[in-house]
Structure formats: C-alpha cells, structure tokens
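> A predicted structure for the sequence below; I have some questions about it.
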Amino acid sequence: MHSSRSITRVARHLSAYLFAALATSYALVWIGHIRHAQPGPGFTEYEYSQTTRSMTVGAVIPRSPADQAGLRPGDQIVGIDRKTLDNLRPFYDSVIVGGNAFLDLVIKDPGSTSGFRQLRLVLHGRRPESRPTNRLENLLTVPLNYYPLGFLLVGVAVLLLRPDDPNAWLLALLFGGFVGAGPLFESAVPVYLRGFAVAYKMIMASAAGSLFYYFFAVFPAASHIDRKIPWLKHALLAVVVIDTVPIAVWCLIAGGSLPLYLNAHWPAGTTLIWALVGQTGLPVPGSHRWPSPQSAFFAYFFGTSALGLASLISNSFLASDAQTRRKARVILWGTVIGVSAVVLIFGAATVRGAAVVPMLAWEISIVLLSTVWPLSFAYAVVKHRVLEIPVLLRRSARYVLVQRGFTISLLVLWLAAIRLFFYIVSRLVGTFSNTVLVLGLVFGLALVWISAPTVKRTTTRIDRAFFRSAYDARVTLQELAEKTRSVTNRRELARLLEIQIEGALHPQSLAVYLEAADGSFVAQPVLPSDERASTAHRLAGPTFPFRFGAVFVPRELDTIPATLPLVREIAQRGKAWDVPQAHEAAGI
C-alpha cells in the first residue's frame, strides 16, 4: 500500500512537471511567433461543397485585398494558386499556412466565355501596417505580446508547489487553457512546432470554458449550482475532451491543422476551425444550418462564463460557511474585472458585429484579462492563503537554490537528451518529420518514467545532506507510526506523541488532546510532575486565533468542545493545516 501511494505521488509530481513544460513551451512559441502575425486575404464565412468542388464566399471585408481585387459575396472559388479544390488542401497550403505576396483565385463565372474569371489578391507579403508609436493601442502592444505570462507564472507556480492538491491542478489547467486562448497564426510558427502548437491550443483553449465553470463550481466549496446539478461540470468537460483530443492527436502527427480541412465531417470540426482561426482574421467556415459554428462557439463561451461567475458569486455571498465566503470574495473582484470585460466585449461583437467594437476596447479587455485576473489570484494565494501554500512559500532561499536547482538541472539534462535523440534519429532517416517528433515525445516520456526512482533517491540524499532537520522529521514520523501500534493506554500514547512530535517538528508550544467520553477533547498530562516544570514551555496550551468565523475562542483551554468551528474545520480537512494567526484571523 505504501509503495502504491509512493508511485502515485511520484506520478503526480512528474505529471506536474510535464504539464509545466508543455504550457511553458507553448507560451514561448506564442510569444516568439506573435510578432510575425500576418493578416488574412479579407474574405470569410465560406462554405465548401465536395459535390461542386468549390467554396462559396460568404462575406468580404471592406478595403481588404479581396475587396480591392473584386471578390464579392456569393462568388464560387474553384481554384487557388492553380490547384483545383478537390478538397481544402490548396486552401490550407495557400491561405492558412501560405505567406506569399500574391494569392491567385479562379472564380466560377457563367457570364464569361470560358465560364471562369481569375483574380489576383495582392497581399503585400501579408505584413500588418505599422501604427504610430504615440497611440494608446501601440502602448498596449507590449502586454499583449506577452499575454500568456501572467497565467503561466501563477498556474505553474501553484501546481509545482502543491502537485497533490486537486484544486491546484484545476487552477493550473484553467490558466493553462487561457495560455492557449490567444490567436495562433499557424504560418508564423516553425514547421516542426506547428503540430504541437495546434494540438495544445485545440485542447486547452477549448477546455478553458469548461474548466472555468468546473473550478468555481467546486472552489472554495461546492456552489449552489453544483449541488443541484453535480454532473454538469463533468459533462461539459467530457464533451470538449471527446470532440478535441482525437483530432488534436491527428493534428500533432500531421504537423498542423490540415486534418480539420481534409475531414469536413468530423463532429464539431467546423466549430474547431472557427475557434482556431477566427481570431486571426483568416477565412472561417460559415453555415446556414443550425447551429452555425459561430453560434455553437458563442453559446459554449457565454454559457460556461455565466455558470462560472454565478458559482463564484453564490459562494461569495450565499455560502453558509464564513471561511468559504471569505475565500470566494478574495478572488471575486479580480475575476469579475478580468473576465467580465472580455465577456462584455464578446457579447457586443456578437450582437452588433465585430466592426462596431473599437480595437482599443478589445485590447484593454485582453490586457485586463491577462494581468488583473492572474495577479488577483497570486495576491489571494500569498496574502490570504486561498490555496494554503504560504508555508511552502516561506521555505528558505537555500532550499530554493539547492532543491529547485537540482530540479532545473535535471530538466536541462532531459531536454539535452531529447535534443540529442532528435539529432541522431534525424540524421539516420535523413530529415526531421512528424514521425520523428512523435518518437521524440515517446522517448522523453520514457526517460522521465525510467529516471523517476533515481530522482526520488537523489531528493532524499539532498534532504539528508542539506536539510537534516526535514529528513530527521520524516524518519521520526515514520517511526512514530510504527510505535503507536504497541501503545497500551491513553497516557502512554500522549507521552509518545509529545516526545516524538517535539523531536521531529520542534514546535514553539505543544499540547496533546485526546477525545473524551462526551466527544470533547481534553489536554493530557504526559510527563511526571518533576519533569513538567522543566518542560513547561513545551506543554503550554495551544494558541488559537482570537476568533474563528463568528465564534470567539480563549487563548488557552484545557478542554476543547467538538462543536468548535476550528475543530470541525480540521476534521473536515483530514490533514495538517496551517491555522491562521491571530492578526490574520481578525479579518475572517
């Protein structure tokens, strides 16, 4: 049983490092590629027909290259760059990942003698026009170009500090989803990273809405909505996983989003295309059928946003537990300010059209989302112990330099080994292909799994060499678990607990409470009277907060009632808890 728990714990920690590596890699790719973003040709809402082997233009953006070339809504494109549209492969190659200065289209025209006419769209290298440096939009370019960093730093930090905490995983996954929420210009991503970038965005960005509701449905406690419909959070997340993971794996192997364009009948395929390229200004599919890709995407986006915000607000004001209300209110305002602005902007664009929303409003809302929201969570975690990790944050600098330094060094060695593997295999096969990329990922996972026992042994030796007290505490507590089996009476148990815990943890004060017949907890005199005088400082009564919830508690008690809110809270947690100090409890 102990071995099974150890393996599970190591697996959780390795999974946390793997997720952190994936999220960090995507964020770096995004930051590097966004400066090379390229605008689209200027037509959109197309409908492709396999029967006629053509795509019908739904809308043309005014003053765009398509508009200037003479393309009109309703035109049927039957060829792109001298390739027929037997499928959408030519469209993907020339428009989605193209980048040429010109785009040649063949339009079906019954009025001409040949039945066709040709258009050349001048894209000017598809480079965006430079904007004046004194405009506010240009000043917002800096935070926009580093959009993922706030979500990445907070989400990864919380996860690596608490990899065994389900709430930490939910927060990391949620913020990892928002890391992938920015527009992805596939043509600006290096070829060998396109598959990874598309797969990450497809899964994580699509799941962000479901995770937004899931997180606030259960944190800091189950919301009113979750108590009424507990299966809803699982159903929303399951739908996203079923719709995105298989096609995302296919895109990873294919090295880009091409499978979406080759398999137009994939469930939710058009909605996935719309979500991937809708933010980039590239052409998106349209449909007169219900639901259209736009309506499906916006229903999901607004529905999950409304459910998440409603859950957070209900816990902030309607939760019966004061501790739950306090935690919810700490993160409420940052969430409302950061998320509501984007939701309102999207709502206005949906009802009135994207053109009526000024670009400045879009940019301000995105900056608020990417800064105010993650910063509010960071403040809540550190200052108000929302996820109860301040004790971990207060570890010494030596611990950070040695223990984390070992972890970073290990990651560097892993990356170097994977890079060497890529180099050797590429030389053997003669090229770097998607198959080589997949083999490299499999090699990396195998390397992490095989090295897990060595990592554990090395960590133990580091604790023994540099943090002897931490190592001794672990050994002492393990011995305590064994010795308690031979205890014959309550007094002996109390004495054993007092001696062993004091030797392992060195607390400033210590008292052992055991349950009495009436259910209350009574402090046990664990040492003979001649020894108690010399150890009185170790047997001082426990120091409680001035008040917990709405109940005032004296500082020292010989008997603690089982109905005390603090006792109920500890019993509910079922594990060690860093109890708020008096000056912090005053704000509870």
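Thanks, I have it. Numbers count the residues shown, from 1 in each chain.
> so how many other residues sit close to the residue nearest to residue 373 when sequence neighbours are not counted?
Nearest residue to residue 373, sequence neighbours excluded (C-beta to C-beta, 6 or more residues apart in numbering): residue 338, at 2.9 Å. For glycine as for every other residue, the C-beta is placed from the backbone atoms N, C-alpha and C. Using other C-beta atoms under 10 Å, residue 338 is surrounded by 23 other residues.
> look at residue 338 and tell me its secondary structure.
helix (DSSP: H, G, I helix; E, B strand; the rest coil).
> which ones are touching it?
For residue 338, the contact set (C-beta atoms under 8 Å, 6 or more residues apart in numbering) comprises 368-369, 371-374, 376.
> run the last query once more with 7 Å
Counting by C-beta atoms under 7 Å, 6 or more residues apart in numbering, residue 338 touches 368-369, 372-373, 376.
> do residue 190 as well
Contacts of residue 190 (C-beta under 7 Å, 6+ apart): none.
> residue 163 versus that one, what's the distance?
Remark: distance between residue 190 and residue 163 (C-beta to C-beta, to the nearest Å) = 31 Å.
> quickly list the domain ranges of the protein.
Here the domain parsing of the chain from automatic domain parsing is 2-36+132-393, 43-124, 397-446.
> mind putting those domains into JSON lines with distance to residue 522 and mean pLDDT?
Below are these laid out as JSON lines (distance: least, C-beta to C-beta, whole Å; pLDDT from 0 to 100):
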{"stretch": "domain 2-36+132-393", "distance to residue 522": "26", "mean pLDDT": "84"}
{"stretch": "domain 43-124", "distance to residue 522": "72", "mean pLDDT": "88"}
{"stretch": "domain 397-446", "distance to residue 522": "38", "mean pLDDT": "68"}
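> dump the ones you listed into a markdown table; add distance to residue 561 as well.
Formatted as a markdown table, the domains of the chain follow (distance: least, C-beta to C-beta, whole Å):
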| stretch | distance to residue 561 |
| --- | --- |
| domain 2-36+132-393 | 18 |
| domain 43-124 | 67 |
| domain 397-446 | 39 |
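> residue 488 is nearest to which of those domains?
domain 2-36+132-393 (25.2 Å; C-beta to C-beta).
> immediately after the helix or strand hosting residue 237, which helix or strand?
Using DSSP states H and E, residue 237 falls within helix 232-254. Moving toward the C-terminus from helix 232-254, the next helix or strand (DSSP H and E) is helix 258-262.
> return the set of buried residues in that following helix.
With burial defined by 16 or more other C-beta atoms under 10 Å, the residues of helix 258-262 counted as buried are 258-261.
> give the next helix or strand downstream of it.
Using DSSP H and E, the next helix or strand after helix 258-262 towards the C-terminus is helix 269-277.
> could you check the angle the following helix or strand past that next one makes with helix 232-254?
Reading on from helix 269-277 to the C-terminus, the next helix or strand found by DSSP H and E is helix 293-317. Following axes from the mean of the first three to the mean of the last three C-alpha atoms, to 10 degrees, one obtains 130 degrees for the angle between helix 293-317 and helix 232-254.
> from residue 413, how far off is residue 348?
In terms of C-beta to C-beta, residue 348 sits 50 Å off from residue 413.
> check which helix or strand covers the most centrally placed residue in the chain.
Of all residues in the chain, the one closest to the mean position by C-alpha atoms, centre = their mean is residue 176, 2.3 Å from it. Using DSSP H and E, residue 176 sits within helix 166-179.
> go on, residue 106?
Using DSSP H and E, residue 106 falls in strand 102-108.
> next, the buried residues of that strand.
Buried, per 16+ other C-beta under 10 Å, within strand 102-108: 103-108.
> helix, strand or coil for residue 117?
With three-state DSSP as the criterion, residue 117 reads strand.
> dig out what it forms beta bridges with.
Residues in a beta bridge with residue 117, per DSSP bridges, are residue 107.
> doesn't residue 110 make contact with it?
No: the pair residue 117 / residue 110 is not scored as a contact, 10.4 Å apart, by C-beta atoms under 7 Å.
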